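Chemist: please find the sequence and the predicted model below.
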Amino acid sequence: MHGTPHIVSDVMTHTVAAVGRKATFKEIVRLMQDWSVSALPVLEGEGRVVGLVSEADLLPKEEFRNSDPDRYTQLRRLSDLAKAGAVTAEELMTSPALTTRPDATLAQAARTMAHSRVKRLPVVNELGMLEGIVSRADLLKVFLRGDEEIEEEVRREVVAYLFPTPGSAIRVQVHDGVVKLAGRVRDTSLIPVAARLVRAVEGVVDVEFELVRRGHSDGSPDPQAAQPGKSAPA
């Protein structure tokens, strides 16, 4: 029913700085500084992603530069200590790299980032070849969508589908991404469905309802309807 959702290729950065396995520590730092990035994909061959090296991978070298860690620290921070002594991307990188595909939806990419607690994902094709990189900031771009565009989609894809006239008369208003549906409907049991569908529209921040069942002569709200200013249960 809904329009085609945005996918990773719509928002990703296509021109990406990357390094090979043998790139040195200083080359990695310099490239990060020059490109103003906090991580670099590590490539081999014609561009296949084999890992990712980030600022977090580089920091142990500074952290342990003048220290002599005790036995407990050595056991607990074994990986970090290994990276403190690393000098090439191959030794520093996290491998295999967590990646996403260009045709993945923004929601899929966001879930991957959230579950794995990472800030960016290399974007690869079916052969594992680098095509771009997508960051948390890229995924938030959908919230820059204009209120008028959101309103038109909600009206066309949700209201017209669930509450067609003449059985219902719904007004749609959007302000700063918050959608408000007001008016009279024939079937208030559809309100939770409408809430889910409106929230699925890209750029929507929240949804509110002021809906009553059509036919209430006294104008009192349906007990099952969402109350003013409250989101219906999803």
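Modeler: That came through fine. If you're wondering where the values come from, they're calculated on a predicted model, not measured in any experiment.
Chemist: so who does the residue nearest to residue 116 when sequence neighbours are not counted touch?
Modeler: Using Cβ to Cβ, 6 or more residues apart in numbering and skipping the chain neighbours, the partner closest in space to residue 116 is residue 98 (5.5 Å). All C-beta spots, glycine's among them, are computed from the backbone N, C-alpha and C. Residue 98 sits next to 52, 112, 116, 118, 121 when contact means Cβ atoms under 8 Å, 6 or more residues apart in numbering.
Chemist: what about burial for the residues you listed, which qualify?
Modeler: Taking 16 or more other Cβ atoms under 10 Å as the criterion, what is buried in those is 52, 112, 118, 121.
Chemist: for these, which one is nearest residue 180?
Modeler: For the buried ones among the contacts of residue 98, the closest approach to residue 180 (Cβ to Cβ) belongs to residue 112, at 32.3 Å.
Chemist: wait, a helix at that closest one?
Modeler: Yes: counting by DSSP: H, G, I helix; E, B strand; the rest coil, residue 112 falls inside a helix.
Chemist: on that earlier part again, of the contacts of residue 98, which is the nearest to residue 205?
Modeler: Residue 205 has its nearest neighbour among those in residue 112, at 22.3 Å by Cβ to Cβ.
Chemist: might one say that that closest one is in contact with residue 121?
Modeler: Yes: counting by Cβ atoms under 8 Å, residue 121 is a contact partner of residue 112 at 6.4 Å.
Chemist: hey, what's in contact with both of the two?
Modeler: Residues touching both residue 112 and residue 121 (Cβ under 8 Å, 6+ apart) are 98, 100.
Chemist: could I get the full set of helices for this protein?
Modeler: Counting by DSSP state H, the segments of the chain that form helices are 8-11, 25-35, 55-63, 71-76, 78-84, 89-92, 106-116, 136-139, 147-154, 160-162, 191-199.
Chemist: just say which of the ones you listed is most tucked in.
Modeler: When the helices of the chain are scored by mean count of other Cβ atoms under 10 Å, the highest mean neighbour count falls to helix 89-92 (a mean of 21).
Chemist: off-centre distance for stretch 132-139?
Modeler: Put simply, stretch 132-139 sits 8 Å off its chain's centre (Cα atoms, centre = their mean, to the nearest Å).
Chemist: what sits up against that stretch?
Modeler: Contacts with stretch 132-139, where a contact means Cβ under 8 Å, 6+ apart, come from 8-9, 11-16, 41, 100, 102, 106, 109-110, 113, 119-123.
Chemist: residue nearest the centroid of the protein?
Modeler: In the chain, the residue lying closest to the centroid (Cα atoms, centre = their mean) is residue 110, at 3.1 Å.
Chemist: what's near enough to touch that one?
Modeler: Residues counted as contacts of residue 110 (Cβ under 8 Å, 6+ apart) are residue 139.
Chemist: mind running it again at 10 Å?
Modeler: Residue 110 makes contacts with 104, 134, 136, 139-140, as judged by Cβ atoms under 10 Å, 6 or more residues apart in numbering.
Chemist: report the contact partners of the residue nearest to residue 21 when sequence neighbours are not counted.
Modeler: Leaving aside its sequence neighbours, residue 21 sits nearest to residue 90 (Cβ to Cβ, 6+ apart; 4.0 Å). Contact analysis of residue 90 by Cβ under 10 Å, 6+ apart lists 19-23, 42, 44, 50-51, 53.
Chemist: output the lowest mean pLDDT helix or strand found in the chain.
Modeler: Lowest mean confidence among the helices and strands of the chain (mean pLDDT, DSSP states H and E): helix 71-76, at a mean of 61.
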